[in-house]
Structure formats: C-alpha cells, structure tokens
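Q: no FASTA, just this:
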C-alpha cells in the first residue's frame, strides 16, 4: 500500500494528533476545566470514533485513493469539542455549547454525506433526507453518551433536559445544512 498524499490526508492526521494530545492532557493533566467531563472515556472512545470510518472504508475499498477530505470533516468535530474544553469555552462562553452542536454536526454530516454521495444511486432529495436523518440519529446517540458519561452523576443534571433537546435540535439542523450542501454539489456534478 502506498502512503496517501494530499491535503485531506495531512488534515486528517493533524486533526487526529491534536485531538489525542488534548485528550491526554484532559485525562491526566489535572486541570479544572476537564473535571467531571468524562475525559477518561473520551480518551478511549474519541480516537476509535475518529478512525472507525476510515478503517471500514479502507477495508471495503478497491481503490488506493481514499476520501481523506471527507474523513477529515468527520474527525474535525472531535477536535473542536476537545479544544472547546481545553480553552474552557463550555463554561466561559454561554453560547459555545449550542454553536458547537450546530457546527460540529454540519462538519460531521458533511463528511458523512460526501461518503454517501460516492455510493449513492438514488435521487438527490432522498440523499438529503438520509443525511439529515443520520444526523438526527447521531445527535440522539451523542446525547445518550453525554448523559451516561457525565451528566447523570455530574453537576449539569438540573438543566439537562432543556440542554439535551436543544442539542438534538441544533445537531439535526446542522445535519440539514450539511445535507443541503452535499445535495447541491451533487446536482452540480
């Protein structure tokens, strides 16, 4: 196998590396902004989630050229999330969590949508609905993960219901924006 070249590959490696470095600091650094936010879980789960799609695509692909740009988009929300914690933005900027759910889901589903577009044979409108629906499912799954890892035993339980609903809504809207971007580009292709 040849070594991948190109901006997408470099971006994916940089995103993964920066994320893992911050996860290690968060799990073992003893800084206040990481307390009670499940960084031990994240250190294990985030790299797996970041690498699972490229791994599966590589295993199934018949081509040496992998869609690294799409993989980098899928990986980038993990870097944004961890960086937000490193800079203490979740606790110091009121709107950060909401913006994060919207924009991270836009990035995540844009990457997923680009991958789907490579294999999609149906109409564009169905692709847009599929990407949006996948985003909604992933938003619900994410919120279940947040609840399990740090909300149910943490200090954020009082406002968890409202926060969960808004996060799911914003994630779904971000997925819709990504779906419209991917659908628009598909029509132009």
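A: Cool, got the structure. These figures come from a predicted structure and were not determined experimentally.

Q: just how off-centre is the top helix by length along the chain within its chain?
A: Ranked by number of residues, the top helix in the chain under DSSP state H is helix 160-188. In terms of C-alpha atoms, centre = their mean, to the nearest Å, the centre of helix 160-188 is set 12 Å apart from its chain centre.

Q: Sort out which residues of that helix are buried, please.
A: Residues of helix 160-188 classed as buried: 160, 163-164, 167-168, 170-179, 181-183, 186 (neighbour count, 16 or more other C-beta atoms under 10 Å). C-beta coordinates here come from the backbone N, C-alpha and C atoms, glycine included.

Q: Residue ranges in the chain under the pLDDT threshold?
A: 1-5, 147-162, 186-189 (pLDDT under 70).

Q: now the helices for it?
A: Under DSSP H, the chain gives helices at 7-28, 39-60, 68-86, 89-92, 96-119, 124-146, 160-188.

Q: Out of those, which one sits most buried?
A: With neighbours taken as mean count of other C-beta atoms under 10 Å, those reach their highest mean count in helix 68-86, at a mean of 22.

Q: Point out the other helices and strands that it packs with.
A: Where contact means 3 or more C-beta pairs under 8 Å, 6 or more residues apart in numbering; DSSP states H and E, helix 68-86 is packed against helix 7-28, helix 39-60, helix 96-119.

Q: so how far is residue 20 from residue 107?
A: Residue 107 sits 18 Å away from residue 20, going by C-beta to C-beta, to the nearest Å.

Q: same thing with residue 132?
A: From residue 132 to residue 20 the distance is 30 Å (C-beta to C-beta).

Q: In contact with residue 16: list those residues for me.
A: 47, 50, 51, 75 (C-beta atoms under 8 Å, 6 or more residues apart in numbering).

Q: Run through who's touching stretch 69-82.
A: Stretch 69-82 is contacted from outside by 7-8, 11-12, 15-16, 18-19, 22-23, 26, 42, 46, 49-50, 53-54, 57, 100, 103-105, 107-108, 110-112, 114-115, using C-beta under 8 Å, 6+ apart.

Q: nearest spatial neighbour of the residue nearest the centre of the chain, skipping sequence neighbours?
A: Residue closest to the average C-alpha location in the chain (C-alpha atoms, centre = their mean): residue 77, at 3.8 Å. Once flanking residues are discounted, residue 77 sits nearest to residue 104: 3.5 Å by C-beta to C-beta, 6 or more residues apart in numbering.

Q: Also residue 89?
A: Nearest residue to residue 89, sequence neighbours excluded (C-beta to C-beta, 6+ apart): residue 96, at 4.3 Å.

Q: Ok, residue 74 next?
A: Per C-beta to C-beta, 6+ apart, closest to residue 74 is residue 111, 3.7 Å.

Q: Starting from residue 165, give me the distance back to the one you found.
A: In this view, residue 111 and residue 165 are 25 Å apart by C-beta to C-beta.
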